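S.K.: Structure here, sequence nowhere to be found:
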């Protein structure tokens, strides 16, 4: 997620690892600042120096679990974007600034207990879910974990291997990983957009799981158009968003 804004509570952190998934998508890790604590699904602000001599700030979800001694982030390269154009040029040994304040309400502890957790993402919206799936407590809290990742090409299915490997190791929840590719090179498998899969219930039928207010909790993270459509479908089906003053069955977060 990218959101502009300066900050004064920042420290420098060295990049220790980088992986390029595609020409426009990459992940990187940095040393975790001492004292920084977060819940899976939350985000921090990152700062990079620009060619103009200033500092650009954006908010990025943490993709690593809270138990790791490093922080991992997942980024898209935005054409002509000042922040990502500066970020993509950095490699191991370079530093970025990290604000020590954590943000975000995409947290499983905001839900009442249920048997199913559905994590629905487009593109880089998979990042907070990678952190959530690294938390052992999530795997013991649910019977079924459904991860739907919608992308344009197969190369954009970041974190797939790690997610599926984690599911194979789980003695508790069953993992249902569903990649859906919407580009012209989709090949076999799922191709529909997430709102369509929710509306016609074909994914539920295929998995043998029904989304209901009693049994299901959902997190939806991705581009604003998908969020708007998915939210409307869920409300129509009798589910309610989580509010500060009332419980609900789903949480959404724009990742743009």
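M.R.: The structure has been received and is ready for your questions. Being a predicted model, the structure only gives us computed values, none of them experimental. Numbering: from 1, shown residues only.
S.K.: In this structure residue 65 contacts residue 39, no?
M.R.: No: using C-beta atoms under 8 Å, residue 65 is not in contact with residue 39; the gap is 10.2 Å. C-beta coordinates here come from the backbone N, C-alpha and C atoms, glycine included.
S.K.: got any residues that touch both of these two?
M.R.: Residues touching both residue 65 and residue 39 (C-beta atoms under 8 Å, 6 or more residues apart in numbering): none.
S.K.: and residue 47, that's in a strand?
M.R.: Yes: under DSSP: H, G, I helix; E, B strand; the rest coil, residue 47 falls within a strand.
S.K.: Skipping adjacent residues, who's closest to it in space?
M.R.: Counting by C-beta to C-beta, 6 or more residues apart in numbering, residue 47 lies nearest to residue 97, which is 3.4 Å off, once chain neighbours are set aside.
S.K.: Near the one you found, how many other residues are there?
M.R.: 16 (other C-beta atoms under 10 Å).
S.K.: isn't there a strand covering it?
M.R.: Yes: per three-state DSSP, residue 97 lies within a strand segment.
S.K.: ok, what's across the strand from it?
M.R.: residue 12, residue 47 (DSSP bridges).
S.K.: Report whether the expected contact of it with residue 46 is present.
M.R.: Yes: if you go by C-beta under 8 Å, residue 97 and residue 46 touch, sitting 6.8 Å apart.
S.K.: Need the residues touching each of the two.
M.R.: residue 57.
S.K.: Mind naming the longest helix for this protein?
M.R.: helix 224-236 (DSSP state H).
S.K.: which element follows it toward the C-terminus?
M.R.: Later in the chain than helix 224-236, the nearest helix or strand by DSSP states H and E is strand 250-254.
S.K.: could you give me the average pLDDT of that next one?
M.R.: Averaging pLDDT along strand 250-254 yields 95.
S.K.: packing partners for it?
M.R.: strand 216-222, helix 224-236 (3 or more C-beta pairs under 8 Å, 6 or more residues apart in numbering; DSSP states H and E).
S.K.: Give me the residues contacting the longest one.
M.R.: To tie it back to what came earlier, the one meant is helix 224-236. So helix 224-236 is in contact with 120, 122, 150, 193-195, 198-199, 211, 218, 220-221, 241, 249-250, 252-254, 256, going by C-beta under 8 Å, 6+ apart.
S.K.: again, only using 10 Å
M.R.: With C-beta atoms under 10 Å, 6 or more residues apart in numbering as the test, helix 224-236 has contacts from 118, 120-123, 125, 150, 193-201, 211, 213, 216, 218, 220-222, 239-241, 248-250, 252-256.
S.K.: For residue 67, grab the count of nearby residues.
M.R.: When neighbours are counted by other C-beta under 10 Å, residue 67 comes out with 9.
S.K.: what's the pLDDT at it?
M.R.: Residue 67 is given a pLDDT of 95.
S.K.: wait, doesn't it sit right on residue 37?
M.R.: No: between residue 67 and residue 37 no contact is recorded; they are 11.2 Å apart, counting by C-beta atoms under 10 Å.
S.K.: re earlier: which among the helices and strands packed on strand 250-254 is found nearest to residue 52?
M.R.: helix 224-236 (28.7 Å; C-beta to C-beta).
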